[in-house]
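Chemist: model this:
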Amino acid sequence: MTDTTVAHQPHPYLGGRAAALRTLAAWRAGTADAPRTVLITGDSGSGRTRLLTAFLMLSDPAHRDRLDLAALDPATVPPADLPAPPVLDATGLTAVQLRWLLADTFAPGTDRAERLPAVLAGLGTPEQPQAVVVADIDRAGLLTGTDEPARVTTEVLLPLALNPGVRLLADLPRAEAERLAGDVPADQLQILDLDRDPWRDPDALLRQAELALPEPTVARQLAAVADTPLVVRLAGWSVQARPGSPLPLPRSAGDALDLHAERCGSDELTLRRLLAPLALAGPGQPLPFDLWAPVASAVAGKDLGPALAGGRDLLLPFFDLATTGDGTPGARIVHPAVADEIRERLGRTAREVHRRIATALLATLPGDTPRRWADATGYLREQLPGHALHGGLLDRLLTDPGFLLHAEQHRLRAAVDLLAAEGTPLPPLGRTWLRLAPLFARQELGVELRAALLDHAARQDGLPGLDTTGLDVPWRTLWARPLTGVGAVTAAVRPDGGQLLIAHRPGQEPELTAYDARTGEIDHTDPERLARPDGDQRAAGALALSTGSDYVRLWQRNPDGTVTGPIAAFLSAAPLAGADLTTDGLLLIADAHGVAALQPAGQ
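Modeler: Residues are numbered from 1 along each chain as shown. Below is the predicted model:
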């Protein structure tokens, strides 16, 4: 079928897909015959993202004004009086993170994970539905080789699709679209499969091929054999990179790789090895150019530096230029379908390739043991957890406090969760870190506070404390003791002036347990002889504290009695049982793990 008529021009960004655009415009208008949920699907490279982008250009007044709407089919243009719908990009996010993004967008102030289902269920009303667009679900997840798109479908899209107050539009892999179709009533759902009639657009593919290739006959041949629009684009880029050579007619992304290598006088294995570091990386920072040669050489087991240096034409169609988070130039794979093809061809060797990449990244750490993780590049911090997981090295790295503290916490948590799900025993420090991982990930804490909290948790778990030398930690744990049933903790003073921590355990025997605040040794002083700091003594202290259910903040007390700050904080992964300050400035903490004394910096 054709998507255009004599009277109407195709969308200038898309070049076709008018039938799909009409359906999307009706969804946005909320017409009576339009389903509440529309799913855009198709093979990787079929143009899902491009179609969604073209539709959003028509939906956003800022972009719509730049288009000649009079030349377009009016049925493809959403109503002008509607604002742009909220768009949530799933790229690089877990299902949990995407749910938090929904909450932050539609219910600001949500601070408890248990409230997230209610947020999804409470969006909009049937009379005033809320439009929600979720993009690039195939790119969800922090690591390669995970089932995060399936979790997004189950935990995010399904509740939205079943909510009568939501009008949902999403682009996602075919398997996930079919999963939703099995759970959502058929009269409330429409699937636009761009590889199947009536949504595929062979005329648009031909127009694209005619623009990409100089010879009309070859363009027609390419449009007839290419599986997806991406394959046509790769063929066009191949011609631009290597004009004058025989024109390619690839059917798939794999064909495009192999035929382009042949056109450049190279072998496809070299090309795939050069691209492997880009294809195996998780979402996030591009690979810095200065790492490309050593990492690709590690993959190949030989020096690929000369091949990379002279491989501009060979590589050009398959990567995009980008800037890393550190501000240095880098490269990323041109499309997930190309990455999928390279990963699939690796097969059973993928584990060894990941191991080699992880080892090469570790070799970039400056200094000797202990490794100077503070100087690690942003790329290493983000990508090492995934490569170490898939390469079988992660359990060893979990014994290294520097890695636990400096690795990107969201990716590290995803990797450790997968490692644990596989049944691999975690080392003790890894288990301690995992206990704090939800806190670290949600709160986006700095490395200094993470170090103080991990040291504290290690001591709670009976492990040696961490060496925090070189880190400006806000406080350090003097000691931690296990104790059950603590309901409150208060400071007290012995007759000789010694500071004590008093643990109150209602209904327990003994009900009061005293510890020396400096050493953690049990104190047997008669409770009747202990003095509690009064209001004046507390007001004379250098610090003040404020507490919540799972946090304590320390404030600096000025000579005039006012406070400034906060200057430090203690955050807990579980509810606190109590907190207090000794008159000499020690912070006393009680939680489900027991009691502890912390010394704030400068005290």
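Chemist: thought Leu275 was touching Phe318?
Modeler: Yes - Leu275 is in contact with Phe318 according to CB atoms under 8 Å; the separation is 5.7 Å. The way it works is simple: take the backbone N, C-alpha and C, and place the C-beta from them, glycine included.
Chemist: What are the boundaries of the strands in the stretch 251-400 of the chain?
Modeler: Secondary structure of the stretch 251-400 of the chain by DSSP state E, counting those that start in this stretch: the strands cover 287-288, 319-323, 329-333.
Chemist: Point to the residue nearest the middle of the protein.
Modeler: Centroid-nearest residue in the chain, with CA atoms, centre = their mean: Leu93, separated by 3.8 Å.
Chemist: Quick check: phi and psi on it?
Modeler: Torsion angles at Leu93 (phi, psi; degrees, to the nearest 10) stand at phi -110, psi 150.
Chemist: Excluding residues flanking it in the chain, which one is nearest it?
Modeler: Among residues not flanking Leu93 along the chain, Ala140 sits closest, at 5.9 Å (CB to CB, 6 or more residues apart in numbering).
Chemist: Next: Pro600.
Modeler: Distances taken as CB to CB, 6+ apart place Trp475 nearest to Pro600, at 4.6 Å, with adjacent residues excluded.
Chemist: OK, contacts around that neighbour?
Modeler: Ala452, Leu554, Ala568, Phe570, Leu587, Leu598, Gln599, Pro600, Ala601 (CB atoms under 8 Å, 6 or more residues apart in numbering).
Chemist: tell me the contacts of the residue lying closest to the second one once chain neighbours are set aside?
Modeler: In space, not counting the residues next to it along the chain, Leu554 is nearest to Ala568; the distance is 4.4 Å by CB to CB, 6+ apart. For Ala568, the residues meeting the contact criterion (CB under 8 Å, 6+ apart) are Pro474, Trp475, Arg553, Leu554, Pro600, Ala601.
Chemist: cutoff 6 Å now
Modeler: Each residue near Ala568 by CB atoms under 6 Å, 6 or more residues apart in numbering is listed here: Pro474, Trp475, Leu554, Pro600.
Chemist: show me where the stretch 51-200 of the chain has strands.
Modeler: 87-89, 130-135, 166-171, 189-193.
Chemist: how about the ones you listed, which one is nearest Pro401?
Modeler: Evaluated over the strands of the stretch 51-200 of the chain, closeness to Pro401 peaks at strand 87-89, with 33.7 Å, by CB to CB.
Chemist: Could you find the closest non-adjacent residue to Ala363?
Modeler: That would be Pro294: by CB to CB, 6+ apart, it lies 7.7 Å from Ala363.
Chemist: Arg553 versus the residue nearest to Pro600, what's the distance?
Modeler: Trp475 sits 12 Å away from Arg553, going by CB to CB, to the nearest Å.
Chemist: cool, Val218 as well?
Modeler: Distance from Val218 to Arg553, by CB to CB: 69 Å.
Chemist: And Arg351, by the same measure?
Modeler: Separation of Arg351 from Arg553 (CB to CB): 46 Å.
Chemist: So for the two, which residue has more residues nearby?
Modeler: Arg553 (17 against 12; other CB atoms under 10 Å).
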